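Enquirer: kindly return the folded structure for what I paste below:
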Amino acid sequence: QVQLVESGGGLVQPGGSLRLSCAASGFTFSNYTMSWYRQAPGKERELVASISSTGGSTGYAVSVKGRFTISRDNARNTVFLQMNSLKVEDTAVYYCNVRRNTNAYWGQGTQVTVSS
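Expert: Have a look, this model is predicted:
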């Protein structure tokens, strides 16, 4: 079955950096677009970034463009989110996502807290 396991979250000061990882299994990773979403307390889950199956195309939410970078390693079935210049408003639970056929799959999430 599809499994997505996120890691790398934590507490960081404003202006700091974190690198999130998502290890995928149970499907042919290299065939699918992968995405990162986030959900802050009291807010809806929002799309942060996506990367095509080959890694040749990426897209970002306006709020993170220029600060976050999504990448993938198809040999390791892993997708990454490098987050730089973090802001307090980036505080959220970050989720890895893949859509296969009509189904959406999610990891358990990793908490990112940006605070001084």
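Enquirer: quick one: the residue nearest to Q13 when sequence neighbours are not counted from T69, how far?
Expert: Of all residues not flanking Q13 in the chain, S116 sits nearest, at 5.5 Å (Cβ to Cβ, 6 or more residues apart in numbering). C-beta here means a position set from N, CA and C on the backbone, and glycine is covered the same way. Taking Cβ to Cβ, to the nearest Å as the measure, S116 falls 24 Å from T69.
Enquirer: the more surrounded of the two?
Expert: Legend: neighbour count by other Cβ atoms under 10 Å for S116 and T69, higher for T69 (16 against 8).
Enquirer: which SS class is the spatially most central residue of the chain?
Expert: By Cα atoms, centre = their mean, the chain has its centre lying nearest to W36, at 2.9 Å. Following DSSP: H, G, I helix; E, B strand; the rest coil, W36 is assigned to strand.
Enquirer: any idea what it is bridged to?
Expert: A49, C96 (DSSP bridges).
Enquirer: quick one: it and S116, what's the gap?
Expert: Distance, W36 to S116, using Cβ to Cβ: 24 Å.
Enquirer: R100 too?
Expert: Note on R100: its distance to S116, by Cβ to Cβ, is 41 Å.
Enquirer: just L86 next, same as before
Expert: Distance from L86 to S116, by Cβ to Cβ: 11 Å.
Enquirer: between the two, what contacts are shared?
Expert: Residues touching both L86 and S116 (Cβ atoms under 8 Å, 6 or more residues apart in numbering) are P14.
Enquirer: quick one: low-confidence parts of the chain?
Expert: Applying pLDDT under 70 to the chain flags no residue at all.
Enquirer: apply 90 and report the result again.
Expert: Along the chain, the parts satisfying pLDDT under 90 run over 100-102.
Enquirer: beta partners of L18?
Expert: Going by DSSP bridges, L18 forms beta bridges with M83.
Enquirer: list the contacts for it?
Expert: Listed by Cβ under 8 Å, 6+ apart, the contact set of L18 reads G8, G9, G10, V12, M83, L86, V112.
Enquirer: at 10 Å instead, please
Expert: Applying Cβ atoms under 10 Å, 6 or more residues apart in numbering to L18 gives the contacts 8-12, 68, 81-84, 86, 90, 94, 110, 112-114.
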